[in-house]
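Peer 1: Please find the sequence and the predicted model below.
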Amino acid sequence: MNLWRYELRMMLRSRVAAAALVLLSLLALASLVAGVQRMDSQREAIARISALHAEDLAAVSAGHGDSTDAGRAAYYSFHPTWNPPSPLAFAAVGMRDVAPYILRVRALGLEAQIHDGDTFNPELALAGRFDFAFLLTFLLPLFVIALMHDIRSAETETGRERMLRSLPLRMGRLYARRATVRMAALWICAGLPFLVVALQQQVAASQILAVLGLAAGYLLFWAGLCLLVAWRGWNSGVNAATLASLWVVIALVGPALANVGIERAIPVEQGAGIARAQREAVNGAWDIPREDTMRRFYAAYPEWRDSPPLGTDFHYKWYLAFHQNGDDAVAPLVAGYRQGIEQRTAAASALGWLLPPVGMQVALTGMADTDMQAHRAYQDRVRDYHAQLRRYFYGFLFTDTPFHEPDYDKAPRFDADS
Amino acid sequence: MSALLSVTRNELRALVRQRTALAGIVLMVALTITATVVSLHHMAAAAEHRTRQQAEAQAAFDAQPDRHPHRVVHYGHFVYRLPSALAAFDPGVDPFTGSSMFLEGHRQNTANFGDVMQSSILTRFGQLTPAFVLQILAPLVLIFLGHGLLAQERERGTLRQLMLQGASRRAIVGGKLLALLIIAAAFLLPAALGLGWLAVGAPASALVALGVLAGYALYLAAWCLVITAVSALLPRRRDALLGMIGGWAVVALLVPRIAPDVAYTAFALPDRLQTEVGIARDLRAMGDSHDPADPYFAGFRQRVLDQYGVARIEDLPVNYKGLLAVEGERLTSTLFNRYAEHSAHIQHEQNALVSRFALLSPVIAIRQLSMAAAATDLRAHLRFMDQAEQHRYGLVQQLNQMQADAVSYADDTASDAGADQRKRVDRAQWQEIPTFHYTPQPPDGVLRSLLWPLLSLLGWALAGALLIGGSIRRLGGVR
């Protein structure tokens, strides 16, 4: 036990090491606070929804007046959906600073609505967030390198190694002990602030453990790399330069090159094509016989087929039917688009096994539900909700049931947890 | 002078002989070339794709059958943002902002389908572009190559030998600095050629390309100065290396990420929901065009009737519904513009705050210079949004006016079996509508926006020069 204490004392006596540990704790804390702030502001925005929606809905339903037309209500009323951040989202902001987390939809064509973004300053998004995931992925390895590159060369350069060799002790154990102490110190300096903030944010214990475990595994990878280099017996300067170059290749150049490769290998038909195709399908309905539209709609949704036939007047059921037909017409395009994005995401995840920094980001954003899959899952919830909205309004329109003001409040509400 | 040059020559020879250094130089140059080629290709493909999409959208618009003008208002139009001439050098916010926008009546849409929404997480690691390589990687490689310039001589005791041979301190430090500058120039060369290539394609941007090249030259020179100075000042080579890598991490990774977070907290940007509900609220306060008793629109109707000297809407020589649509769109657009200006103002304030962090990190300065020059910054994006909105407004109002002039009020309000056909206007009309052409900021405007970042980089270079001056004096301590 004494030997461990000596190692600890020796590490802390080095000014560089002590300063590095303090700096790491401070940066960890700052990154956590920044992440929490960001998520709090998103939660505030989500909390604002109900008041804003109530104001808007009140105005729309007041404008309804004596009308009994459900189509008018479907056309003018917007319904909010939102994607609340998970408790762990503060640690890995992921896509949440560019992907919309609030989206209002109405019962018209969904493909013209679901790809809309929110307002954000792209220059602020460009550099990426200073969150805990960034600290772990990019900065922590630099601290490992600073503390580990001279684990052996410091002894050889001061001439102590020869002396140590002459003593009856196992050199391997000495260095193993030293490496363990340094790694544990780094792990604690980064992990302890996280633990405190995560507990305060009520993150599930299993997730806290998983993040700490991931951090430990990631530390081990870099420590292993450092030991490999250290054992080549070069001097400290060469070790540091070699390790830093490896870091550049693994954390910066590798992912950037891989991104080029993935985008080349898996082309994604640009989504803008979907929006255009949907618009053609929707607007084309004005130029074809209305019965064609209804036939097509009833073929896909036979539950409404008993609805009375259209007269010569405008009827919203025809309007909503061709919006539905428009969405259905581009469904294969949407599936292809989605599949392309999923393939790219999957390729990046697979790459994570080769490039630990990528793996780290993938794992952390996956746990925090801030990755592309999480955004896709939100879009799926929006799709489900939108289908409910449609059914609700179709229920009035296709049976010619009068729609009155109180019916606005009976429209299905979005459930973020479903 | 000859002493200085011989120091430079020796230093370069030593670097080339040292295999790791040579490998570093070769790799770096290879990376810049790869980045330049990849980025040129990527942007050319994006430009080609968007041009084709724009042409298809235009063809679809022109090929519409006879339609009621208001149908066309809802059919709308798509516009695509083409990459700027220098976008391949620095794509800037291009991957983050949508590249296409749907223009329609009554609504202002967002630009959708940015790369970041249709790619993997890797996009967020930084993209392999000449800008990324030069801004982030080049300084680090220069640190690897340069940290030992003087520290090594001192550690080995060869510095004294050099001085004994009659080389002045100034010549030694200057010669080493020159060697590092030559290497930096080698890193810059492929990008400079790429820029030249782009500038040939767009001669108007030649001066801008020169400006951005000057910016990068200053940026790398500032790094070389600081690296050489630190190498002269710190007693041990390893301390110089670790210290500078730490400094690089702060300047290149940390500050550029902390600054946006500060700006984000300092200036809250209203989200889309707030904006849309706010616009609807203001619109209600103005008047409701569907409500016949609404005071604003009652007044509007009276003005129109007075103007034509008739008593009833039915007697107007134009279609009142069209006029109403024109007036309604005018009101909503005023609000759209007011809210968009407010949002743009906040975003500019956020960016101004970020640019103050250039005092802490030259990376901020070079990034803003680079994006401004490539016309891939926020300003250029907002300019596109603004022009798209102007185009939307012109398009919608032209169609509304068409409804007023070419569709009679009687037909427009009829609902008999043949009414639908009578409401439609001839398809030849669609070709009369002007197409969208984005006008980029003129080069002199771009050049003016390069001024501040250039001055800031010059400040960094001067600071580096001062540091070197100090280090030359300190070098005398070795005797």
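Peer 2: Great, that's in hand.

Peer 1: drop to CA atoms for contacts and neighbour counts, all remaining ones
Peer 2: Will do.

Peer 1: Smallest distance to chain A belongs to which residue of the stretch 1-150 of chain B?
Peer 2: B:Ser120 (4.6 Å; CA to the nearest CA).

Peer 1: What distance do you get for that residue to B:Arg448?
Peer 2: Distance, B:Ser120 to B:Arg448, by CA to CA, to the nearest Å: 36 Å.

Peer 1: When those two are compared, which one has more neighbours?
Peer 2: B:Ser120 (24 against 12; other CA atoms under 10 Å in any protein chain shown).

Peer 1: and the helix ranked longest in chain A, what other elements does it pack with?
Peer 2: Ranked by number of residues, the top helix in chain A under DSSP state H is helix A:15-64. Using 3 or more CA pairs under 8 Å, 6 or more residues apart in numbering or on different chains; DSSP states H and E, the elements in contact with helix A:15-64 are helix A:2-13, helix A:70-76, strand A:79-82, helix A:132-134, helix A:140-148, helix A:171-200, helix B:272-286.

Peer 1: Average pLDDT for the fifth one, rounded please.
Peer 2: In this model, helix A:140-148 has a mean pLDDT of 90.

Peer 1: any idea how far it is from the chain center?
Peer 2: 27 Å (CA atoms, centre = their mean, to the nearest Å).

Peer 1: Closest residue of the stretch 301-418 of chain A to chain B?
Peer 2: Of all residues in the stretch 301-418 of chain A, A:Thr345 sits closest to chain B, at 4.6 Å by CA to the nearest CA.

Peer 1: Spit out the contact partners of the nearest residue to the residue of the stretch 1-150 of chain B closest to chain A once chain neighbours are set aside.
Peer 2: If the residues on either side of it in the chain are set aside, B:Ser120 comes closest to A:Thr345, at 4.6 Å by CA to CA, 6 or more residues apart in numbering or on different chains. When contacts are counted by CA atoms under 8 Å, 6 or more residues apart in numbering or on different chains, A:Thr345 is found next to A:Met372, B:Ser119, B:Ser120, B:Ile121.

Peer 1: out of these, who's nearest A:Gly311?
Peer 2: Ranked by distance to A:Gly311 (CA to CA), the contacts of A:Thr345 are led by A:Met372 at 46.3 Å.

Peer 1: tell me the pLDDT at that closest one?
Peer 2: pLDDT for A:Met372: 93.

Peer 1: Okay, buried residues for the helix or strand harbouring A:Thr293 please.
Peer 2: Following DSSP states H and E, one finds A:Thr293 within helix A:290-300. By 16 or more other CA atoms under 10 Å in any protein chain shown, the buried positions in helix A:290-300 come out as A:Arg290, A:Thr293, A:Met294, A:Phe297, A:Tyr298.

Peer 1: Equivalent analysis for stretch B:194-201, please.
Peer 2: Neighbour-count burial for stretch B:194-201 flags B:Gly194, B:Leu195, B:Gly196, B:Leu198, B:Ala199 (criterion: 16+ other CA under 10 Å).

Peer 1: Enumerate the residues of the stretch 101-250 of chain A near chain B.
Peer 2: Proximity of the stretch 101-250 of chain A to chain B (CA under 8 Å from any CA of the partner chain) is limited to residues A:102-104, A:115-130, A:139, A:142, A:146, A:236-237, A:240-241, A:248.

Peer 1: Which ones among those map onto strands?
Peer 2: Of those, the ones assigned to strands by DSSP state E are A:Ile102, A:Leu103, A:Arg104.

Peer 1: The second one touches A:Pro84, doesn't it?
Peer 2: To tie it back to what came earlier, the one meant is A:Leu103. No - under the criterion of CA atoms under 8 Å, A:Leu103 is not in contact with A:Pro84, lying 11.9 Å apart.

Peer 1: circling back: quick check, nearest of the buried residues of stretch B:194-201 to chain A?
Peer 2: Nearest member of the buried residues of stretch B:194-201 to chain A, counting by CA to the nearest CA, is B:Gly194, at 18.5 Å.

Peer 1: Give me the three-state assignment for that closest one.
Peer 2: In three-state terms, and counting by DSSP: H, G, I helix; E, B strand; the rest coil, B:Gly194 is helix.

Peer 1: Could I get the contacting residues of it?
Peer 2: Going by CA under 8 Å, 6+ apart, the list of residues near B:Gly194 reads B:Thr36, B:Phe89.

Peer 1: Closest one of the buried residues of helix A:290-300 to B:Ile143?
Peer 2: A:Phe297 (66.7 Å).

Peer 1: That closest one contacts A:Ala321, correct?
Peer 2: Yes - the pair A:Phe297 and A:Ala321 qualifies as a contact (CA under 8 Å) at a distance of 6.1 Å.

Peer 1: what about B:Arg312, how many residues close to it?
Peer 2: If we define neighbours as other CA under 10 Å, then B:Arg312 has 10 of them.

Peer 1: Apart from its chain neighbours, what residue comes closest to it?
Peer 2: B:Leu305 (7.0 Å).

Peer 1: With B:Ala202 instead?
Peer 2: The nearest residue in space to B:Ala202 (CA to CA, 6+ apart) is B:Ala85, at 6.5 Å.

Peer 1: which element is the residue of the stretch 301-418 of chain A closest to chain B on?
Peer 2: Short version: A:Thr345 belongs to helix A:331-351, going by DSSP H and E.

Peer 1: Now do the helix or strand containing B:Leu324: distance to the chain's middle.
Peer 2: Element membership of B:Leu324 [criterion: DSSP H and E] is helix B:320-356. Offset of helix B:320-356 from its chain centre (CA atoms, centre = their mean): 21 Å.

Peer 1: same for the next helix or strand after it, what does it pack against?
Peer 2: Using DSSP H and E, the helix or strand that follows helix B:320-356 in sequence is helix B:362-374. Applying 3+ CA pairs under 8 Å, 6+ apart, one finds that helix B:362-374 contacts helix B:206-233, helix B:320-356, helix B:443-475.

Peer 1: ok and helix B:362-374 relative to helix B:320-356, angle-wise?
Peer 2: In terms of direction (axes from the mean of the first three to the mean of the last three CA atoms, to 10 degrees), helix B:362-374 departs from helix B:320-356 by 150 degrees.

Peer 1: Need the mean per-residue confidence for helix B:362-374.
Peer 2: 95.

Peer 1: what's in contact with it?
Peer 2: Contacts for helix B:362-374 (CA under 8 Å, 6+ apart): B:84-87, B:89-92, B:131, B:135-136, B:208-209, B:211-212, B:215-216, B:219, B:251-252, B:256, B:354-355, B:357-358, B:377, B:379-380, B:446-447, B:449-450, B:453-454, B:456-457, B:460.

Peer 1: Identify the residue spatially nearest to A:Ile207, adjacent ones excluded.
Peer 2: Quick fix: residue A:207 is Gln, not Ile. Leaving aside its sequence neighbours, A:Gln207 sits nearest to A:Met367 (CA to CA, 6+ apart; 7.4 Å).

Peer 1: quick one: which helix or strand includes B:Phe78?
Peer 2: Per DSSP H and E: strand B:77-80 holds B:Phe78.
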